[in-house]
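Undergrad: My questions are about this predicted structure, shown below with the sequence.
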Amino acid sequence: MPASSEDFAVVTGASSGIGAAIARRLAGDGRALALLGRDRTRLEATAEACRRAGAPLVRIALADQCDRAAFAEALAGFEAERPIGLFVASAGILDGRRDGETIERAETAATVIDTDFCATVDAVHRVLPAMLGRGGGAIVLVASLAAFAPLPDAPAYSGAKAGLLAWGLGMREALRGSGVRVCVACPSYVTSAMTARHIGPHPGEIDADDAARRILDGSRRDRAVIAFPFATGWLARLALLAPEAIRRRAMGHLRFHIEP
Ligand SMILES: NC(=O)c1ccc[n+]([C@@H]2O[C@H](COP(=O)([O-])OP(=O)(O)OC[C@H]3O[C@@H](n4cnc5c(N)ncnc54)[C@H](OP(=O)(O)O)[C@@H]3O)[C@@H](O)[C@H]2O)c1
């Protein structure tokens with residue numbers, strides 16, 4: 001039986017953490033899936049878990065999203081096979097200040113901004129024209145609560161995620177009435193390979209399956225911003241409005257460094 005356009009979901013960053021958990025959850029809902037990542041072994045493991053969970057079709061592609069041409073080709077291949085109804089952009093990196101450094105390095109900042117913001121924006125533009133042509137589709141961008149509460153130990157990450165949030169909300173409004181919906185997910189700490197390199201406190205950390213459930217639930221409800229956990233999400237959203245002295249004191253409890 002041919003799938004409807006809403007059935008085919010593409011997930012980036014599906015080889016690990018939140019992206020893998022989202023893929024498994026979509027598989028459980030009977031979605032056909034296309035999964036992207038860079039690590040073959042882990043991507044194939046997610047694909048196998050998705051097949052076991054009930055996905056009727058699972059395609060994979062290994063591609064670095066910073067290699068725009070290769071990533072675009074992979075996305076075009078999926079779209080040619082079936083219309084993409086849902087695009088989840090979870091691929092991303094966290095990098096920042098290393099132990100003993102005062103600030104993150106310039107090359108770290110450039111890589112983080114390219115991966116987490118520029119490449120993600122480019123990927124969305126690759127899938128958007130076909131969605132617009134069909135008059136339907138859903139896009140979920142995985143940003144971070146760091147978009148609201150900038151991290152002194154990862155300023156480029158915070159800026160990239162703030163950019164993704166602002167861009168996503170701008171696109172959401174620009175696409176109103178087109179049938180294409182955009183939601184921006186802003187998680188707090190989620191257990192994953194990324195968090196393992198974040199050496200510092202992780203208050204309120206939740207597991208990746210819980211994060212995936214919240215993100216997909218927020219997308220189904222068409223929430224503009226899916227910020228969680230609830231209390232931390234609102235504290236972070238209010239942080240930008242708080243006087244700097246208060247914000248600095250609160251963020252002082254969350255200092256960290258990145259382990260290479
Ligand atoms: N974990 C948290 O506490 C947390 C909190 C807020 C927001 N987030 C966001 O959630 C998203 C997923 O993070 P996670 O915790 O699941 O991290 P993760 O376990 O490290 O997974 C990151 C995923 O992104 C992929 N990726 C990274 N760089 C890529 C690139 N250049 N091209 C293609 N794929 C790339 C990785 O692929 P390979 O492993 O195959 O290389 C992996 O599948 C990220 O955008 C992150 O910023 C995470």
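TA: Happy to help now that I have it.

Undergrad: So which bits of this structure are right by the ligand?
TA: Residues of the chain lying near the ligand by C-beta under 6 Å from any ligand atom: 13, 15-19, 37-39, 42, 64-66, 90-94, 115, 142, 144, 187, 189-190, 192-195. Where you see a C-beta, it was placed from the backbone N, CA and C, and this is true even at glycine.

Undergrad: Which other helices and strands does the helix or strand bottoming out on mean pLDDT in the chain contact?
TA: Scoring the helices and strands of the chain by mean pLDDT, DSSP states H and E places helix 244-252 at the bottom, with a mean of 91. Secondary-structure packing of helix 244-252 (3 or more C-beta pairs under 8 Å, 6 or more residues apart in numbering; DSSP states H and E): helix 230-239.

Undergrad: As a check, name the ranges of all strands in the stretch 101-250 of the chain.
TA: Assigned by DSSP state E, counting those that start in this stretch, the stretch 101-250 of the chain shows strands spanning 137-142, 180-187, 198-199, 225-228.

Undergrad: and those as CSV, adding mean neighbour count and mean pLDDT?
TA: Shown next, in CSV, are those (neighbours: other C-beta atoms under 10 Å; pLDDT from 0 to 100):
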stretch, mean neighbour count, mean pLDDT
strand 137-142, 25, 98
strand 180-187, 25, 98
strand 198-199, 16, 97
strand 225-228, 22, 98
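
Undergrad: Just give me the neighbour total for the residue lying closest to residue 116 once chain neighbours are set aside.
TA: Leaving aside its chain neighbours, residue 116 sits nearest to residue 160 (3.8 Å; criterion: C-beta to C-beta, 6 or more residues apart in numbering). Neighbourhood size, residue 160 [other C-beta atoms under 10 Å]: 28.

Undergrad: Tell me which residue of the stretch 51-200 of the chain lies closest to the ligand.
TA: residue 92 (2.4 Å; C-beta to the nearest ligand atom).

Undergrad: any idea how far that residue is from residue 67?
TA: 16 Å (C-beta to C-beta, to the nearest Å).

Undergrad: Next, please give the residue ranges for the helices of the stretch 51-200 of the chain.
TA: For the stretch 51-200 of the chain, the helices defined by DSSP state H, counting those that start in this stretch occupy 68-81, 106-113, 119-134, 155-174, 193-196.

Undergrad: Appreciated, that's everything.
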